[in-house]
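# Curious how this folds, go ahead:
(chains A and B)
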Amino acid sequence: DVKVTQSSRYLVKRTGEKVFLECVQDMDHENMFWYRQDPGLGLRLIYFSYDVKMKEKGDIPEGYSVSREKKERFSLILESASTNQTSMYLCASSLLGEREETQYFGPGTRLLVL
Amino acid sequence: RKEVEQDPGPFNVPEGATVAFNCTYSNSASQSFFWYRQDCRKEPKLLMSVYSSGNEDGRFTAQLNRASQYISLLIRDSKLSDSATYLCVVNPSGYSTLTFGKGTMLLVSP
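Residues are numbered from 1 along each chain as shown, chains lettered A, B, ... in the order given. Sure, this is the predicted structure:
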């Protein structure tokens, strides 16, 4: 069974803290993605990765960085958390290849920045 | 023009009703199309892919109109468990990134 896990379901941090969100998939997928989802704005792509140590900016990368040291793990880093980064963060993975676009999502992390 | 547009709803329907959602996309070169379902406070999950010839999966039928650049989802004999947000999703480039619509909320009542 397909499985994407995220390190925390709920997280509360203070402004200025460094925040790490971890995502692990057990499907040997090449592609991994980080989104944030906000009411009225839908899902927005922050960063994605096609391979180990590879990363590409999505639509809203500002204020974020990522790390992919192993194929199964993709980390999202908020270098200095701000209140406007309060959101639901969703990780997803997919296979690399034509017509293999189905993305499988983790359960999400609800981050509150105070 | 937004890349993928959907009516946010909510669509309120009684059990057993038939309901249809449309979605328009702006990039005429888009390669593939999907409907995802997202339950309240849960992650999105693939409901079905949308093929040029149309496709059906039980009570769900998806259609693609490339000329008019819209996708539709028809749900027949609605169940209470169909209550969710339905996301229209487009692959604009043939690569692995997807563009998600903001979703259409469906509420099915007894």
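
# Over to the residue nearest the centre of chain A. Which of the three states is it?
Nearest to the mean C-alpha position of chain A, by C-alpha atoms, centre = their mean, lies A:W34 at 2.6 Å. For A:W34, the assignment made with DSSP: H, G, I helix; E, B strand; the rest coil gives strand.

# Flag every residue of chain B that's near chain A.
Proximity of chain B to chain A, by C-beta under 8 Å from any C-beta of the partner chain, involves residues B:32, B:34, B:42-46, B:49, B:87, B:91, B:94, B:96-98, B:100-103. Every C-beta, even on glycine, is put in place using the N, C-alpha and C of the backbone.

# mind running it again at 10 Å?
With C-beta under 10 Å from any C-beta of the partner chain as the criterion, chain B meets chain A at residues B:2, B:4, B:6, B:8, B:31-34, B:36, B:38, B:41-46, B:49, B:85, B:87, B:89, B:91, B:94-103.

# Run a quick neighbour tally on the closest residue to B:N22 other than its chain neighbours.
Distances taken as C-beta to C-beta, 6 or more residues apart in numbering or on different chains place B:S72 nearest to B:N22, at 5.1 Å, with adjacent residues excluded. For B:S72, the count of nearby residues is 17 (other C-beta atoms under 10 Å in any protein chain shown).

# May I have the beta-bridge partners of B:S72?
Note on B:S72: beta-bridge partners B:N22, B:Q63, judged by DSSP bridges.

# Am I right that it is in contact with B:N55?
No - with contacts counted by C-beta atoms under 10 Å, B:S72 stays clear of B:N55, the gap being 11.6 Å.

# anything in contact with each of the two?
B:61-64 (C-beta atoms under 10 Å, 6 or more residues apart in numbering or on different chains).

# List buried residues within the residues you listed.
B:61-64 (16 or more other C-beta atoms under 10 Å in any protein chain shown).

# between these, which is nearest A:M54?
Closest approach to A:M54 among the buried ones among the shared contacts of B:S72 and B:N55 (C-beta to C-beta): B:L64, at 32.1 Å.

# ranges for the strands of chain A?
Secondary structure of chain A by DSSP state E: the strands cover A:4-6, A:10-13, A:19-25, A:31-38, A:42-49, A:56-57, A:64-70, A:73-78, A:87-94, A:104-105, A:109-113.

# remind me which residues of chain A are low pLDDT?
Within chain A, the segments meeting pLDDT under 70 span A:1-2, A:97-100.

# Right, I'll call it a day here.
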